[in-house]
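Q: Below is the structure, and that's it, no one-letter string:
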RNA sequence: GCCGAGGUGGCGGAACGGUAGACGCGGCGGCCUCAAAAGCCGCUGUCCGCAAGGGCGUGCGGGUUCGAAUCCCGCCCUCGGCACCA
């Protein structure tokens, strides 16, 4: 669109110009030498996107813009800011989409990446395109495989057959983290159990350290809490119950149980084994073999949805076998039930129906005895139990421990069990080992070779990458093995150890392994002979600020912490926490719901950027609400920031020379203070509001601005509207990019102070007048002035004055009665 | 059930325990225009009142305080996460 007025603001022209100049001048790109020699480095990281075929959505742009504002702010303050972006392009998403449209991920991903790159440039992110990564590029996943080998060689990668979550629709194993309430997180299909040999990273060995470090991290509270819950530390005891024959004689076997309430052991009236428990066969009475077998078959086949429904009726079967309760000496029956999970604790529990709601339900269903061993304030040893009692109280029916308060009973009973050799204190974690095997095509092959004589052998580093071959038939099938297992010429190889015929691992690794270390790679992409350069890594890592979605609170953020710790322990890194600061951004809501295709409330960004420009769109998104809380997207709302940027432009291009008006200058400095405080704290919405207010003062009554009044505003708006700020900066006569050099305005307290203040006058806490007094007027002057207000006089009339409260610069409150 | 974040005008949202509703959207009125758009100016929580002014107002019920959206106690509701974890 032609604009006859050369001084008019035409966003598309300005944005096209500056995107081109940034590119040509390398304003945002680093050379290797620049990275090596950077002064005051600031690593500004945002979660890299999965390059979907649909392109960037508003949620992506919101997150990237918020992170970009942060980076640009620090750059304007003089830091050397490295702000890379890349593509997390392996995984089921891409593979399924390719299958759906009959394409191949190797064709699809590059075109998606091109589209994303175009969009990311268009929104004006300060990205260093010299240091991008694409996880599907062999020059990247070569080092993902290297990373696997580090863990493999350190004994942190274990191959074990395990019951795994199997998605019958995606035809793959899912990590526990990818199972949402018993359903596949991608397709919501009910998940089943299968047993397959898998590679696991033993993250559980790091559970305590992962938990402990959380204390010191400057992270969003919600993220820390989510991670701590996920790790799920619990303290209790492991108790051993001897298995006895029908005459009560010890068989030598014992059932070990984990409990957080060892103090209730006197109330343990039966034992429950998980259906997968190794002792099931041993303890089952001959007469019960058939029903036990039937139950175990049913339970182990049953999908995890039904099995994990907490509100489901309890099922189970008696084994006919017995244990001796080591506390009471009584014989108690052994049952099998699927409410006990093999993956947690020991896979067996002592059931205390009197004081555990699940055990109570089970006891009701199967008519098992319920014994009270804790009495609350209104109960005694004989008070019947209508439901499980889990509150405070003292032990009863517990032998020598009768009367002991539950606050100290756990410790005492555990000590007693330990003295007598049937129990020990024990800490348990909810966290499971990380299954990284995927029986899929679209991922980095796990770099292992199986040799009949040598067993699993890691591929030598010199032979990396193990390149993923182009396979036209990559559709997974029900066999439970990877599509690569159908490509004989690929998997046939020789053992790197002994040279004998051998077979490659045909599983690929989890995408969370790709994304678990990408931030370490970014600064080192200039090196193709090492995963990361130690000097550059020392200079740039750990990350200064990481901004991303809280949906990754327990997956990506935990795995990348774990991998960083491992690399530290193996001597590759000298830090063990990857992100000094993490901030979770909020979600963009449209029509009362999170944007999603299924809800049909997705907003496509491209036409909005087309119409209003990237600067307006960015400013609007940041103006919606507090960045960490998200906001409600309303199409009309963009008019506000649109008009604001236009007025700012008009004001700046027509600004005169000369000294600033003192009142306006005061407002400008108050704004500098506010914006300088709020931007690093991610208070973007209020920072923008402050600038709008400031511009309203500058333009009040149609007055014309002078340069000194508007120049600070041009710099402060730059993180939000970088193109426009560059253009105005140039028009104000500056050479070079506004982002090169510490151009952030200095706040001057002396210029911000008001000479007079408005003081509220209250009578009994109710506002009755407002007076204007000199800033440092003494109390008697202020109170005197307040007392003379007509409306105040009326409200004081005939009443006894008891107190006068004076808050300087704020209010005067007459307390009367 | 557990953990976390919230609940303020018609709407998005502001408010160190100190003038609730900044800023913006929308709405109403006006200026400009042949007209419209854009732009500019003013008004806009609610009720009573011609006005001056007053009453009521931050999910609900109590409390602390000269003063509470803000702090404390007890509830209700919404959103996000976890969930038979012994």
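A: In hand now; what should we look at? Quick caveat, the model's predicted, so the values are computed rather than measured.

Q: which one is the residue in chain A that RNA strand B sits nearest to nearest to, not counting chain neighbours?
A: For chain A and RNA strand B, the shortest gap (C-beta to the nearest atom of the strand) falls at residue A:640, measuring 2.2 Å. Where C-beta positions appear, they are placed from N, C-alpha and C, glycine not excepted. Nearest residue to residue A:640, sequence neighbours excluded (C-beta to C-beta, 6 or more residues apart in numbering): residue A:623, at 6.9 Å.

Q: One more: residue A:793?
A: Using C-beta to C-beta, 6+ apart and skipping residues adjacent in sequence, the residue nearest residue A:793 is residue A:787, 7.4 Å away.

Q: Contacts for stretch A:623-636, please.
A: A:58, A:62, A:66, A:220, A:583-590, A:595, A:603, A:621, A:637, A:640-641, A:682-685, A:688-689 (C-beta atoms under 8 Å, 6 or more residues apart in numbering).

Q: Oops, could you answer that again for stretch A:214-231 instead?
A: Residues outside stretch A:214-231 that contact it (C-beta under 8 Å, 6+ apart) are A:207, A:210-211, A:429-431, A:550, A:553-554, A:557-558, A:577, A:579-584, A:628.

Q: List the beta-bridge partners for residue A:244.
A: Per DSSP bridges, the residues bridged to residue A:244 are residue A:250, residue A:322.

Q: is it true that it touches residue A:329?
A: No - using C-beta atoms under 8 Å, residue A:244 is not in contact with residue A:329; the gap is 10.8 Å.

Q: on that earlier part again, number of nearby residues for the residue of chain A closest to RNA strand B?
A: 16 (other C-beta atoms under 10 Å).

Q: do the same with the one 4 residues further on
A: For residue A:644, the number of neighbouring residues by other C-beta under 10 Å comes to 22.

Q: near RNA strand B, which residues of the stretch 151-300 of chain A?
A: Residues of the stretch 151-300 of chain A that fall close to RNA strand B, judged by C-beta under 7 Å from any atom of the strand: A:176, A:180-181, A:221-222, A:225-226, A:229-230, A:232, A:234, A:236, A:258-261, A:274.

Q: wait, the stretch 401-550 of chain A
A: Taking C-beta under 7 Å from any atom of the strand as the measure of proximity, the stretch 401-550 of chain A contacts RNA strand B at A:428, A:430, A:550.

Q: List the contacts of the first one.
A: For residue A:428, the contacting residues are A:233-236, A:258, A:344-345, by C-beta under 8 Å, 6+ apart.

Q: Apply 10 Å and report the result again.
A: Neighbour list for residue A:428: A:207, A:232-236, A:238, A:258-260, A:344-346 [criterion: C-beta atoms under 10 Å, 6 or more residues apart in numbering].

Q: can you tell me the helix or strand for it?
A: According to DSSP states H and E, residue A:428 maps onto strand A:423-429.

Q: Any of the contacts of residue A:428 buried? List them.
A: Buried subset of the contacts of residue A:428 (neighbour count, 16 or more other C-beta atoms under 10 Å): A:207, A:236, A:238, A:258-259, A:344-346.

Q: Would you convert those into a markdown table that also reports distance to residue A:722, secondary structure and pLDDT?
A: What follows is those, written out as a markdown table (distance: C-beta to C-beta, whole Å; DSSP: H, G, I helix; E, B strand; the rest coil; pLDDT from 0 to 100):
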| residue | distance to residue A:722 | secondary structure | pLDDT |
| --- | --- | --- | --- |
| A:207 | 43 | helix | 94 |
| A:236 | 55 | strand | 93 |
| A:238 | 59 | strand | 95 |
| A:258 | 56 | strand | 96 |
| A:259 | 59 | strand | 95 |
| A:344 | 51 | coil | 91 |
| A:345 | 54 | coil | 92 |
| A:346 | 58 | coil | 94 |
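
Q: With that, I have no additional questions.
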